[in-house]
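Colleague: here are the coordinates; sequence isn't available:
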């Protein structure tokens with residue numbers, strides 16, 4: 001076992017993982033499976049990192065998912081005019097708004113605090 005450094009090594013590791021996928025815990029193959037999984041996960045984090053979305057895009061996406069309109073968002077964070085300013089990027093989210101959006105819409109705070 002070694003650290004995966006190339007796409008070729010990554011593909012080979014995936015093939016090996018597929019072969020030993022049903023290995024039982026606390027066996028030599030089970031230990032290999034666990035270690036290989038960690039190595040693959042680390043490689044994927046470094047090479048295929050998915051960036052967080054823009055906070056406003058995340059809010060709009062979640063509004064669409066939940067069937068919310070601006071008036072629904074106003075009930076969470078305040079005045080309808082304030083919601084309009086936020087969605088049009090004329091006003092920044094405050095810490096209080098971020099907390100409320102996180103609780104009411106289940107948007108990760110890591111997304112909401114990002115610069116936009």
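Modeller: Received it, and whenever you're ready, just let me know what you need. Note that this is a predicted model, so its numbers are computed, not measured. Numbering: from 1, shown residues only.
Colleague: drop to CA atoms for contacts and neighbour counts, all remaining ones
Modeller: OK.
Colleague: give me the helices and strands touching the helix or strand containing residue 13, please.
Modeller: Taking DSSP states H and E as the criterion, residue 13 maps to helix 7-19. Counting contacts by 3 or more C-alpha pairs under 8 Å, 6 or more residues apart in numbering; DSSP states H and E, helix 7-19 is packed against helix 28-47.
Colleague: quick one: buried residues of the helix it packs on?
Modeller: Of the residues in helix 28-47, 30, 32-34, 36-37, 39-40, 43 count as buried by neighbour count, 16 or more other C-alpha atoms under 10 Å.
Colleague: one more: stretch 1-16?
Modeller: For stretch 1-16, by 16+ other C-alpha under 10 Å, it's 4, 10, 13.
Colleague: try stretch 98-108
Modeller: Of the residues in stretch 98-108, 98-99, 101-102, 105, 107-108 count as buried by neighbour count, 16+ other C-alpha under 10 Å.
Colleague: domains for the protein, by residue range?
Modeller: 7-47, 55-112 (automatic domain parsing).
Colleague: got the angle for the helix holding residue 13 vs helix 28-47?
Modeller: 140 degrees (axes from the mean of the first three to the mean of the last three C-alpha atoms, to 10 degrees).
Colleague: which residues touch helix 7-19?
Modeller: 4, 33, 36-37, 40, 43 (C-alpha atoms under 8 Å, 6 or more residues apart in numbering).
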